[in-house]
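Enquirer: Build the 3D model from these lines:
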Amino acid sequence: MHERKRECNQGSESMAAVLICDNEARLRAVLKLYAQLEGHEVTEAENGLEAVEACKVNSFDIIIIDVAIPGYDGFSAVEEIRKTSNVPIIILTVRDTEYDKKRGFELGIADYIVKPFSSKEIMLRISTILKRTDSSLA
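Expert: Residues are numbered from 1 along each chain as shown. Next comes the predicted model:
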C-alpha cells in the first residue's frame, strides 16, 4: 500500500482515492456522490478494461467493482490489478452464488456485497477497510 494522505476541503480529514467500476452510470453516480460526501476523490470506469488501465496510471486506496461488466469481467479485472497492486477491492454484484463469493475471496478481495445494497452500508464498509489498511485514510 502506498503512503499518502490528502487533505479534505473541510479541514483536516483525510480522503481516499476511490475507483468505482460499474457499467451502470446511475449506480456509479450514486456511489460517487456518497463517496464525495465522505470526502473521497472518485474516479469512474464503466468496464473492466478501463478499471485496469486506470490502475496503471493512478494509485487508488480502494476499488469498488462489479462482476458483470463489459471487457474484462470483474474477476478478470481483479486478477489483472492483483498483478501489480494489493489495493483493497470490494466486489459489488447481483451474483450471489457461493462459487462467485469463493472466487472473489480467493483473488484477494476485501469484501463482497450483493445488490441491492445500501449506499450508507457501502460507505461504512469502505471506512472499515480503510481503517484496517491505512489509518490515515479512515
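Enquirer: in the protein, what secondary structure element scores lowest on mean pLDDT?
Expert: strand 6-7 (a mean of 38; mean pLDDT, DSSP states H and E).
Enquirer: Break down this protein into its helices, ranges please.
Expert: With DSSP state H, the ranges of helices along the chain come out as 25-37, 48-57, 74-82, 98-106, 119-133.
Enquirer: Of those helices, give the one that comes closest to residue 112.
Expert: Nearest to residue 112 among those is helix 98-106 (5.0 Å), distances taken as C-beta to C-beta. Backbone N, C-alpha and C define where each C-beta goes, glycine included.
Enquirer: The closest one - contacts with which helices or strands?
Expert: In terms of contacts (3 or more C-beta pairs under 8 Å, 6 or more residues apart in numbering; DSSP states H and E), helix 98-106 is packed against helix 74-82, strand 111-114.
Enquirer: Using CSV, write down the CA coordinates of stretch 97-106.
Expert: The C-alpha coordinates for stretch 97-106 follow below in CSV (Å, rounded to 0.1, in the frame of the first residue of the first chain):
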residue,chain,number,x,y,z
THR,A,97,-23.6,-17.8,-5.5
GLU,A,98,-21.1,-19.4,-3.1
TYR,A,99,-18.9,-20.2,-6.1
ASP,A,100,-18.6,-16.5,-7.1
LYS,A,101,-18.0,-15.4,-3.5
LYS,A,102,-15.3,-18.0,-3.1
ARG,A,103,-13.7,-17.0,-6.3
GLY,A,104,-13.6,-13.3,-5.3
PHE,A,105,-12.1,-14.1,-1.9
GLU,A,106,-9.5,-16.4,-3.5
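Enquirer: Now do it: distance to the chain's middle.
Expert: 17 Å (C-alpha atoms, centre = their mean, to the nearest Å).
Enquirer: residues in contact with residue 50?
Expert: By C-beta atoms under 8 Å, 6 or more residues apart in numbering, the contact list for residue 50 reads 21, 71.
Enquirer: Can you tell me how far it is from residue 99?
Expert: Distance, residue 50 to residue 99, by C-beta to C-beta, to the nearest Å: 26 Å.
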